[in-house]
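# here you go, sequence then predicted model.
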Amino acid sequence: MPVEIKGGINIAMKVPSHEYAAVVAFYRDVVGLPPFDEKQPAKGFILGPNRLWIDEMPHLSQAEVWLELFTDDHETALGHLALNGVVRCDPVEDLGEGFRGGWVLNPANIVHLVREPDAW
């Protein structure tokens, strides 16, 4: 069975504390994106068909963008990615016990969450 991996709906922007308020204000007040607050304390905005999450990360010195990929079988997909040399990076953020997904890095070290669509 071939592995199917497709784009998810979530984009996470991990922002250092010294830039966090300004970044939230940019998307809220300057751009005017509609907000949502499903998972406090993270701030979120509707970005077309996607959701942009703004997470405060005190240990970062500069912002990072993290992307999401969906698959119906996370174990098969993560195995496929590993066979193709993709690096796992699960320690970047705890997903909790039993979460159906994992973290990987693309060749430019951009973090991607590979998960089943209903894993949350």
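Received, thanks.
# only C-alpha atoms for contact and neighbour calcs from this point on.
Noted.
# what about the helices in the chain?
Taking DSSP state H as the criterion, the chain contains helices spanning 17-25, 74-83.
# closest to V92 out of those helices?
Comparing the helices of the chain by their distance to V92 (CA to CA), the top pick is helix 74-83, with 16.2 Å.
# helices or strands up against that closest one?
Packed against helix 74-83, as judged by 3 or more CA pairs under 8 Å, 6 or more residues apart in numbering; DSSP states H and E, are the following elements: strand 101-105, strand 111-115.
# what mean pLDDT does it get?
If you average the pLDDT over helix 74-83, you get 96.
# report the distance from the biggest strand by length in the chain to the chain centre.
The longest strand of the chain (DSSP state E) is strand 5-15. Per CA atoms, centre = their mean, to the nearest Å, the displacement of strand 5-15 from the mean C-alpha position of its chain is 4 Å.
# neighbouring strands - and their directions - for it?
Using DSSP bridges, the neighbouring strands of strand 5-15 in the sheet come out as strand 50-56 (parallel), strand 64-71 (antiparallel).
# picking up where we left off before, could I get the helices and strands packed on helix 74-83 in TSV, plus columns for mean pLDDT and distance to L69?
Written out in TSV, the entries for these read as follows (pLDDT from 0 to 100; distance: least, CA to CA, whole Å):
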stretch	mean pLDDT	distance to L69
strand 101-105	97	10
strand 111-115	96	5
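# can you tell me which of those strands comes nearest to N84?
Judged by CA to CA, the one of the helices and strands packed on helix 74-83 that comes nearest to N84 is strand 101-105, at 11.9 Å.
# list the buried residues in that closest one.
101-105 (16 or more other CA atoms under 10 Å).
# pick the one among those residues closest to E116.
The shortest approach to E116 among the buried residues of strand 101-105 belongs to G101, at 6.4 Å (CA to CA).
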